[in-house]
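1. okay, predicted coordinates and the sequence, questions at the end:
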Amino acid sequence: MLHTALHTLLATILLQLSFAVLAQTPEERGLAIATAQKARVSNWQDAQSDLKMVLRTASGNTTVREIRVKSLEVADDGDKNLMVFEEPKDVQGTAFLSYSHIAGPDDQWIYLPALKRVKRIASRTKSGSFMGSEFSYEDLASFEVAKYDFKHLRDEACGEHTCHVLEAYPKDDYSGYSKLIFWTEAQDYRTQKIHFYDKKAALLKIMEVKGYELLDDKHWRPTHSVMSNQQTGNITELYWSNIRLNTGLSDSDFSQNNLKRAH
Amino acid sequence: MRKTFVSIAAFFLFSSSLAAHADFRFSANLEAELRYYPSQSLLKEQKDLFASLAFNPQMNWQDEQRNHTINLELYGRDSRPKGNRSYADIREAYYLYAGEAWQIQAGISRVFWGVVESNHIVDIVNQSDILASATGTEKLGQPMLSFSLEQAWGNVDFFLLPYFRKREFPDGPERFRLGLSGIDNTFNIEPVFSDKRVYYQSSRQEKHVDVALRWNHYWGGFDMAVSAFSGTSREPLPILTDLQVGPKAIFSSYYEQLQQLGVELQYVYDGWAFKFESASRWQQSGDYHTVVSGFEYTFSDIAASSADVGLLVEYLWHNRKDISIEKPSLEVLDPSFTSLAAPFLRNNRIPSSYLSPFNNDIFLGMRFALNNINGSYFLAGVIVDADDQTTAASFEGNTRLVDNLNLSLNVYVFSNASKESAFYAFRKDDQIELKLQWYF
């Protein structure tokens, strides 16, 4: 008798659980996928890499930027990032430090080596172009789930994978975008493509993410991204090399003093 | 001089032998500059057109753990026609050890303090190199021993400055020569500035050991710094040092001792940056307070382009009184002149606006960054004295021509200069400067 009652109870619970899954709204499903993705790409502690940006204008000019990048994961908040410019030579030694935050504006400083000056940057410049490229400061900041509202659109084939297609709406008024659409491969949560829509809801940029490498047997990192501006025809390609994770960086590597001696 | 170059050469060799083991970087820039002054000069000997070449090599070495850093930066310029602008300086030559949350540094270096844009009143560690740039953004290398701490309650920097660098002025055919028009001329004596000898309040002269301390911290969008300095003033006071036939009154630079307390505040929110900077100075020639405060607003993505426009407004104020130079002058004058000079000195004071022109002034500025591939930007600014309308305006444009070549145009214009203002001596020195900079 007791046995039957337990069975009934279990069956009821299971039924309700699966009902809950079935009843998930597209918003809840979007958030669940984004949260799972964030969990999957986290726990690398810190990273160092060399970044080469190739800028191509629609008129056919090409120029190259080289940047050394260091990042530090911060528990329960956005990452800390330090970028030191190598090329072009006239800005060599210029360093950009940002502490991104889940809530509220990011803290950003720039170091100008010719003046020996550390300058705070107004938070609104996040939508501005990073060094004349098609990437904005915002595009280079760490991906934080809490910065967006999500909506799951569909799952569809993308190349050899199956992708979750998610819409993300930035919560920050000063984001340069009204909407982003992510194509994220469903097994390892590797983002394949992002569409960026401007404030007037027109398609502004398409980023394709390629060349994923598995680091330390658990972290997938892209080595090549192509950002094409759909309104101007300009293209910026990013090539990441010499990527090292968990190298023992600490908060003091991301201090204002370190900004000055970063070279 | 030769010894310096031998030691620099030795340093190069030493660095290149280290290069194999760690992180060694060398970079340099070569600059070709033309300066043209459209107005007829005040002095006969001054010329209208100048050409110069400047060379600025830098090298930096860090060990693999990034604890040890050695940095060297040199600067040299050759300017024709020749005056004081042909010179060389060791901008930096230091060793730095970085611990986990502290660092110690010994050698020659440069330090910047401050948040406002129009006038850097707190910035006092280095002497300004006004030969390189009249705006005071360039600095002479300063020998120092410094210690820095990074704590949860902020950063602290402590400096020992064992040697003083005097300010170097344009001379001979060059423009921006110091004038002393503000000194009353009832005695019909022509005041002339001479830089041949320099006088100090401290008996240790340039070997007086200055000390400086600065604490800075931030909370969210709010940045704050408090600094203190005790030592030789970086700004010379003109004092009477000789009387010559003509009659001429010869004025020389006198560096007094001062104590300075500086405060810097900044709050950034959205596109706004609100700034406040104040310095209080206690010195022989008279204590005073000075404040520069204002804001900057940045408009991003102008007209759907990636350009940024920044608008700047700052108010500049001080309560410095006119300066008596009687005491230091009488101390250094040849006794045979003291009785002659005494009535002249007693009756004359140097207007404060001659040394600190920004007593009630408004600065308006605009920054226009195209954010294009060439990194092109324009800066324009004007400072107007609310009392006498003395106006100094500047325009700067800079763009990359190709990857390693930059072109810049700088224009300075002075107008309505009051006789008592520091700018009066520059009223014929409106300047157009064209620079080509090659980086490698």
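-> Arrived safely.
2. from chain B, how far out is A:Thr162?
-> Distance of A:Thr162 to chain B, given as CB to the nearest CB, to the nearest Å: 36 Å. In short, each C-beta sits where N, CA and C put it, glycine included.
3. what helix or strand is that residue on?
-> In the assignment (DSSP states H and E), A:Thr162 maps to strand A:161-170.
4. get me the contact residues on the stretch 251-400 of chain B for chain A.
-> B:266, B:268-273, B:296, B:298, B:300-301, B:304, B:306, B:308, B:371-375, B:400 (CB under 8 Å from any CB of the partner chain).
5. interface residues of the stretch 101-250 of chain B facing chain A?
-> Counting by CB under 8 Å from any CB, the stretch 101-250 of chain B sits next to chain A at B:101, B:103, B:110-112, B:114-115, B:137, B:139, B:148, B:150, B:155, B:216, B:218, B:220-221, B:223.
6. repeat the analysis, applying 7 Å as the threshold.
-> Within the stretch 101-250 of chain B, the positions lying close to chain A (CB under 7 Å from any CB of the partner chain) are B:101, B:103, B:110-112, B:137, B:148, B:150, B:155, B:221, B:223.
7. got the residues you listed as JSON lines, with pLDDT columns?
-> Formatted as JSON lines, those follow (pLDDT from 0 to 100):
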{"residue": "B:Ala101", "pLDDT": "87"}
{"residue": "B:Gln103", "pLDDT": "94"}
{"residue": "B:Arg110", "pLDDT": "96"}
{"residue": "B:Val111", "pLDDT": "96"}
{"residue": "B:Phe112", "pLDDT": "95"}
{"residue": "B:Thr137", "pLDDT": "86"}
{"residue": "B:Ser148", "pLDDT": "95"}
{"residue": "B:Glu150", "pLDDT": "91"}
{"residue": "B:Asn155", "pLDDT": "94"}
{"residue": "B:Gly221", "pLDDT": "89"}
{"residue": "B:Asp223", "pLDDT": "94"}
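8. what two of these are the furthest from one another?
-> Distance extremes for those: the farthest pair is B:Ala101 and B:Thr137 at 30.4 Å, using CB to CB.
9. please enumerate the strands of the stretch 101-250 of chain A.
-> A:107-112, A:117-120, A:148-158, A:161-170, A:179-185, A:191-197, A:203-210, A:213-215, A:219-221, A:224-229, A:235-245 (DSSP state E, counting those that start in this stretch).
10. run through who's touching the first one.
-> Surrounding strand A:107-112, the residues in contact under the criterion CB atoms under 7 Å, 6 or more residues apart in numbering or on different chains are A:94-99, A:118-121, A:123, A:256, A:259-260.
11. what's the closest non-adjacent residue to B:Ile121?
-> B:Ala279 (4.5 Å; CB to CB, 6 or more residues apart in numbering or on different chains).
12. correct me if wrong: A:Tyr197 contacts A:Pro170.
-> No - A:Tyr197 lies out of contact with A:Pro170 (CB atoms under 7 Å); the separation is 10.3 Å.
13. chain B contacts on chain A?
-> A:55, A:57, A:61, A:63, A:88-90, A:92, A:105, A:115-117, A:120, A:122-125, A:127-129, A:132, A:174, A:176, A:252, A:255-257, A:261, A:263.
14. and A:Trp44, what helix or strand is that in?
-> Per DSSP H and E: A:Trp44 is located in neither a helix nor a strand.
15. what residues are up against the most centrally placed residue in chain A?
-> With distances taken as CA atoms, centre = their mean, A:Phe143 lies nearest the centre of chain A, 3.8 Å away. Applying CB under 7 Å, 6+ apart, one finds that A:Phe143 lies in contact with A:Lys38.
16. and it, how far from A:Ser42?
-> 10 Å (CB to CB, to the nearest Å).
17. looking at chain B, which helix or strand is least sure?
-> Every helix and strand of chain B was ranked by mean pLDDT, DSSP states H and E. The lowest is helix B:2-19, at a mean of 54.
18. past that helix, which element shows up next along the chain?
-> On the C-terminal side of helix B:2-19, the nearest following helix or strand under DSSP H and E is strand B:23-36.
19. what does whatever helix or strand comes next after that following strand contact?
-> Sequence-wise, the next helix or strand beyond strand B:23-36 is strand B:49-62, with elements assigned using DSSP H and E. Contact with strand B:49-62 is made by A:263, B:15, B:18, B:22-36, B:68-81, B:85, as judged by CB under 7 Å, 6+ apart.
20. any chance you could map the strands in the stretch 101-250 of chain B?
-> B:102-109, B:142-151, B:154-161, B:190-200, B:210-219, B:222-232, B:237-244, B:248-255.
21. and the last one, what does it pack against?
-> The reference is to strand B:248-255. strand B:190-200, strand B:237-244 (3 or more CB pairs under 7 Å, 6 or more residues apart in numbering or on different chains; DSSP states H and E).
22. what is the orientation angle of the shortest one with strand B:248-255?
-> If I follow you right, that is strand B:237-244. 150 degrees (axes from the mean of the first three to the mean of the last three CA atoms, to 10 degrees).
23. surely B:His208 is in contact with B:Gly231?
-> Yes - the pair B:His208 / B:Gly231 is scored as a contact, 6.1 Å apart, by CB under 7 Å.
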